[in-house]
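**Student:** here's a sequence, model it:
(4 chains)
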Number of protein chains: 2
Amino acid sequence: MPKTETNKTNQHASVRRDHSTETAEDYVEVIADLMAADGGCRLKEVAKRFAVSHVTANRTIARLKRDGLVWSEPYGPISLTPAGKRLAERCRKRHAIVYEFLVALGISPESASLDAEGIEHHVGPETLSAMEKFALRHGVKLG
Amino acid sequence: MPKTETNKTNQHASVRRDHSTETAEDYVEVIADLMAADGGCRLKEVAKRFAVSHVTANRTIARLKRDGLVWSEPYGPISLTPAGKRLAERCRKRHAIVYEFLVALGISPESASLDAEGIEHHVGPETLSAMEKFALRHGVKLG
DNA sequence: CAAAAAATGTAGCCAAGGCTAAAAACTGTG
DNA sequence: CACAGTTTTTAGCCTTGGCTACATTTTTTG
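**Tutor:** Reported below is the predicted structural model:
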């Protein structure tokens, strides 16, 4: 009878789907950040940023390469493909909006930074738009 | 024991830690919900809620049992331990706050419901408190 | 009450994301 | 240039969380 149950409209399914892209989003964002800051991006730095072993970072990056977001050659520096850059830019903007929103809400920069990291992946277009408007309206003295 | 590299102030580490508890939180919340609604909780219903196979739900629930959050005997209904109940109640409250907050922000109930599912696990105490205050102040006409 | 149906459990596979240990490749001096 | 140190890669193991197929148990029902 297997027909293994439902495939109905289920919210948790979406949440789960998000999970699979979270890592990619986090990584391209960090890689873009490191390239901007240091002018290049090395595995070791990525691993340090995520506080994981370099082995874990290496394997994750291999997946991103497989998925066409990252490029590198053996022992070489890591860079983003055009697709990776586009994703990184989208994530950067979204992250900034969520962070600014939290700060506008009155959250301390530390908590805002911490929570934004986790929240950003779960903010849909409508919520993101509302957060942006709110941050602009109630923006911290930047008016 | 992990002594691997930096253990410095790293935001991603916290985000990752959250991950490991998300499943537990989601499950105890759903189990509590089903018990309240149906007067009991069967594996099949849990699986349906998460849109996963009963096998996956079964194994996840086995972990929750191992972790002292859930209790059941073979082929029997599923219930929460005192610890499970406490966690479920905490999650229920937090979820309600995040949801109400999003609605108060102007998000549609559909998006609010969807995003709350993902966001709730990443809301720290400070942010939760701020969301609660905001929802109370700007609460949807319920004043 | 026995056979069919439904629910639960077990075996075994896969991918992602952790890790350590050890090999290989680069770098930078002496 | 060689050797020491750093960085990256490889091998191998673990857990979580997804699945199908099949076995077992419970429930329903003819």
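**Student:** how about the residues of chain A by DNA strand C?
**Tutor:** Near DNA strand C, the residues belonging to chain A are A:1, A:19-20, A:22-23, A:50-53, A:55-56, A:59-60, A:63, A:74-75 when assessed by C-beta under 7 Å from any atom of the strand. In short, each C-beta sits where N, CA and C put it, glycine included.
**Student:** can you give me the neighbour number for A:A51?
**Tutor:** Per other C-beta atoms under 10 Å in any protein chain shown, the neighbour tally for A:A51 reads 21.
**Student:** and what of A:G39?
**Tutor:** Other residues within reach of A:G39 by the criterion other C-beta under 10 Å amount to 8.
**Student:** before we move on, what about A:Y27?
**Tutor:** A:Y27 has 26 nearby residues by other C-beta under 10 Å.
**Student:** B:C91 versus A:G39, what's the distance?
**Tutor:** Using C-beta to C-beta, to the nearest Å, one gets 44 Å for the distance from A:G39 to B:C91.
**Student:** and if you look at A:L43?
**Tutor:** If you measure A:L43 against B:C91 using C-beta to C-beta, the figure is 37 Å.
**Student:** so the two - more neighbours on which side?
**Tutor:** B:C91 (21 against 17).
**Student:** mind checking which helix or strand of chain A has the lowest mean pLDDT?
**Tutor:** Evaluated with mean pLDDT, DSSP states H and E, the helix-and-strand set of chain A has its lowest mean pLDDT in helix A:11-38, which scores a mean of 83.
**Student:** near DNA strand D, which residues of chain A?
**Tutor:** Where chain A comes near DNA strand D, counting by C-beta under 7 Å from any atom of the strand, the residues are A:2, A:4, A:16, A:42-44, A:54-55, A:58-59, A:61, A:72, A:74-77.
**Student:** drop anything exposed from these.
**Tutor:** A:R16, A:R42, A:L43, A:H54, A:I61, A:S72, A:P77 (16 or more other C-beta atoms under 10 Å in any protein chain shown).
**Student:** just give me the closest of those residues to A:A104.
**Tutor:** Taking C-beta to C-beta as the measure, A:A104 sits nearest to A:R16 out of those, at 30.1 Å.
**Student:** return the member of the buried ones among the residues of chain A next to DNA strand D nearest to B:S129.
**Tutor:** Nearest to B:S129 among these: A:R16, at 28.3 Å, using C-beta to C-beta.
**Student:** please save the CA atoms from whatever helix or strand A:N58 lives in in PDB.
**Tutor:** Applying DSSP states H and E as the criterion places A:N58 in helix A:54-66. Below are the C-alpha coordinates for helix A:54-66, written out as PDB (Å, rounded to 0.1, in the frame of the first residue of the first chain):
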ATOM      1  CA  HIS A  54      39.200  22.500   7.600                       C
ATOM      2  CA  VAL A  55      38.200  19.000   6.500                       C
ATOM      3  CA  THR A  56      34.500  19.800   6.900                       C
ATOM      4  CA  ALA A  57      34.900  23.100   5.200                       C
ATOM      5  CA  ASN A  58      36.700  21.400   2.300                       C
ATOM      6  CA  ARG A  59      34.000  18.900   1.800                       C
ATOM      7  CA  THR A  60      31.300  21.500   1.900                       C
ATOM      8  CA  ILE A  61      33.100  23.600  -0.600                       C
ATOM      9  CA  ALA A  62      33.400  20.600  -2.800                       C
ATOM     10  CA  ARG A  63      29.600  20.300  -2.800                       C
ATOM     11  CA  LEU A  64      29.300  24.000  -3.700                       C
ATOM     12  CA  LYS A  65      31.700  23.400  -6.600                       C
ATOM     13  CA  ARG A  66      29.600  20.400  -7.600                       C
END
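**Student:** what helices or strands is that helix leaning on?
**Tutor:** With contacts defined as 3 or more C-beta pairs under 8 Å, 6 or more residues apart in numbering or on different chains; DSSP states H and E, helix A:54-66 has these neighbours: helix A:11-38, helix A:43-50, strand A:70-71.
**Student:** which of those sits closest to B:T81?
**Tutor:** For the helices and strands packed on helix A:54-66, proximity to B:T81 was assessed by C-beta to C-beta; helix A:11-38 is nearest, at 22.6 Å.
**Student:** between helix B:11-38 and that closest one, find me the angle.
**Tutor:** Angular relation of helix A:11-38 and helix B:11-38 on a 0 to 180 degree scale: 170 degrees, by axes from the mean of the first three to the mean of the last three C-alpha atoms, to 10 degrees.
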